[in-house]
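**Q** the sequence and its predicted three-dimensional model are supplied below.
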Amino acid sequence: MEEDTIDDVVEVLDSGRYVKGPVGERFEDRFAAQTGVEHAVGVSSGTAALLLALRAAGVGPGDQVLVPGHSFFATVSPVLSLDADPVFVDIDPETYTMDPADLAEKASAATSPAAVIPVHIYGAMADMDAIGRVAEEHDLFVLEDACQAHFAERDGETAGSAGDAGAFSFYPSKNMTVAGDGGMVTTDDAELAREMRRLRNHGRDDDGVHRSLGLNYRLDETSAAVGLAQLGRVERWNRNRHSAAERYTEALETVPEVTAPTEPEDAFHVYHLYVIQAPDRDELQDHLEAQGIDTGIHYGTALHEHPAVTDRIDPVSLPRTEALVDRILSLPMYPEIAERDVEYVTNTICEFYR
């Protein structure tokens, strides 16, 4: 951690103000401004951000929430926790994000659609223009799951500013962190922001009256101090990730067996993860590991196939999602990855296929 960030944390510790203080407020204000929205609400995790945004929007038992089949489990767990019903949507095979055409079909067939959660998976924004048109037609609350896409862009919009609300995670592996768990919700809706502030603090309003049934989902001051410092660096880190991704993609063009991630011309992908597809994924992963290269699989089970979900829904088939999860492999990606390391990874992949 940078020396100035440590100094900022020590300053908070010396102040004795550890929660509900001015550092958190500054972090919220600057995050909102940098995202291009009116309000940002700091919370305890990305999962809490999704949950509180849905609750504040009035989503509850019997409501249907449209979610993509491919994401981390936290995209759907808040839906289930609210006793709402997830409706799973297949993905675009190139961007891995929610397919607007399938969304339109699923929303039209739904009996009580209330919300849609497009996921900006791996750092790539979903097609929010097309998703927004479907949402408007069916009066859906649009909650962007931007937990992997801090300051990604598409069609002139920034992640977290294109829907009714956006949810962010600051988990340590994300493009920016708070040195632990933390999250943020962004919105232009002042009443939605007020309700989320109540819900994160036991449903308590500024006058001390508990007007909602909330719990403790607050972001603490030391976490906010780290987040503030990282806000000044995340755009540079994103550019570094993007440059590394370009080097990966260029080198992998010579390997026809491998499908590299794509980036629409009107987008800025922030590459939280650099995810390829390979027909013999497991063998390739073993080969890379034998050469000292750590990889990951994000995510090996489709959302609609987890036992915690199958117990709650009727069987559903998402062909593109189901085919993808058996082929994906995340290559090493972090802001300071060296060119020689990218070259070593891609040369090792080339050797495998030769």
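**A** That came through, no problem. Values in this document were obtained by computation on a predicted structure and should not be read as measured data.

**Q** how far does stretch 70-87 stretch from start to finish?
**A** Using Cα to Cα, to the nearest Å, one end of stretch 70-87 lies 13 Å from the other.

**Q** tell me how far that stretch is from the chain's mean position?
**A** Distance, stretch centre to chain centre, for stretch 70-87: 14 Å (Cα atoms, centre = their mean, to the nearest Å).

**Q** in that stretch, what's buried?
**A** For stretch 70-87, burial by neighbour count (16 or more other Cβ atoms under 10 Å) applies to 70-72, 74-80, 82, 84-87. All C-beta atoms are positioned from the backbone trio N, CA, C, and that covers glycine.

**Q** H138: which of those is nearest?
**A** V87 (11.3 Å; Cβ to Cβ).

**Q** and the one helix or strand that closest one maps to, average pLDDT?
**A** Using DSSP states H and E, V87 sits within strand 85-89. Averaged across strand 85-89, pLDDT comes to 98.

**Q** rewinding a little: of the buried residues of stretch 70-87, which pair is most distant in space?
**A** Pairwise over the buried residues of stretch 70-87, using Cβ to Cβ, the maximum falls at H70 and L82, 21.5 Å.

**Q** tell me, what residue is most central in this protein?
**A** For the chain, the residue sitting closest to the mean C-alpha position, by Cα atoms, centre = their mean, is C147 at 2.3 Å.

**Q** what's near enough to touch the residue lying closest to E38 once chain neighbours are set aside?
**A** In space, and not counting its chain neighbours, E38 is closest to D188: 4.7 Å by Cβ to Cβ, 6 or more residues apart in numbering. Residues counted as contacts of D188 (Cβ atoms under 8 Å, 6 or more residues apart in numbering) are 37-39, 161.

**Q** and those, which of them are buried?
**A** By 16+ other Cβ under 10 Å, those give 37, 39, 161 as buried.

**Q** what's the closest of the residues you listed to L331?
**A** S161 (29.3 Å).

**Q** wait, doesn't that closest one sit right on G36?
**A** Yes: the pair S161 / G36 is scored as a contact, 4.5 Å apart, by Cβ atoms under 8 Å.

**Q** what comes up buried for stretch 284-301?
**A** For stretch 284-301, by 16+ other Cβ under 10 Å, it's 284-285, 287-288, 293, 295-299.

**Q** for that stretch, measure first residue to last.
**A** 19 Å.

**Q** and the helices in the stretch 251-354 of the chain, which stretches?
**A** 281-290, 307-310, 319-324, 339-353 (DSSP state H, counting those that start in this stretch).

**Q** ok, the buried ones among the contacts of D188 vs D207, which is closest?
**A** For the buried ones among the contacts of D188, the nearest to D207 is H39 (19.7 Å; Cβ to Cβ).

**Q** nearest residue to that closest one other than its sequence neighbours?
**A** Using Cβ to Cβ, 6+ apart, the closest residue to H39 is A193 (3.8 Å).

**Q** next one: stretch 265-275 to chain centre, how far?
**A** For stretch 265-275 - counting by Cα atoms, centre = their mean - the centre lies 12 Å from the chain centre.

**Q** list the buried residues in the helix or strand bottoming out on mean pLDDT in the chain.
**A** When each helix and strand of the chain is scored by mean pLDDT, DSSP states H and E, helix 3-15 comes last, with a mean of 94. By 16+ other Cβ under 10 Å, the buried positions in helix 3-15 come out as 5, 8-9, 12.

**Q** okay, that helix in PDB with CA atoms only?
**A** The C-alpha coordinates for helix 3-15 follow below in PDB (Å, rounded to 0.1, in the frame of the first residue of the first chain):
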ATOM      1  CA  GLU A   3       2.800   5.600   1.900                       C
ATOM      2  CA  ASP A   4       0.300   8.400   1.500                       C
ATOM      3  CA  THR A   5      -2.600   6.000   1.900                       C
ATOM      4  CA  ILE A   6      -1.200   4.600   5.100                       C
ATOM      5  CA  ASP A   7      -0.900   8.200   6.400                       C
ATOM      6  CA  ASP A   8      -4.600   8.800   5.500                       C
ATOM      7  CA  VAL A   9      -5.600   5.700   7.400                       C
ATOM      8  CA  VAL A  10      -3.500   6.700  10.400                       C
ATOM      9  CA  GLU A  11      -5.100  10.100  10.400                       C
ATOM     10  CA  VAL A  12      -8.600   8.500  10.600                       C
ATOM     11  CA  LEU A  13      -7.400   6.200  13.500                       C
ATOM     12  CA  ASP A  14      -6.000   9.200  15.300                       C
ATOM     13  CA  SER A  15      -9.300  11.100  14.900                       C
END
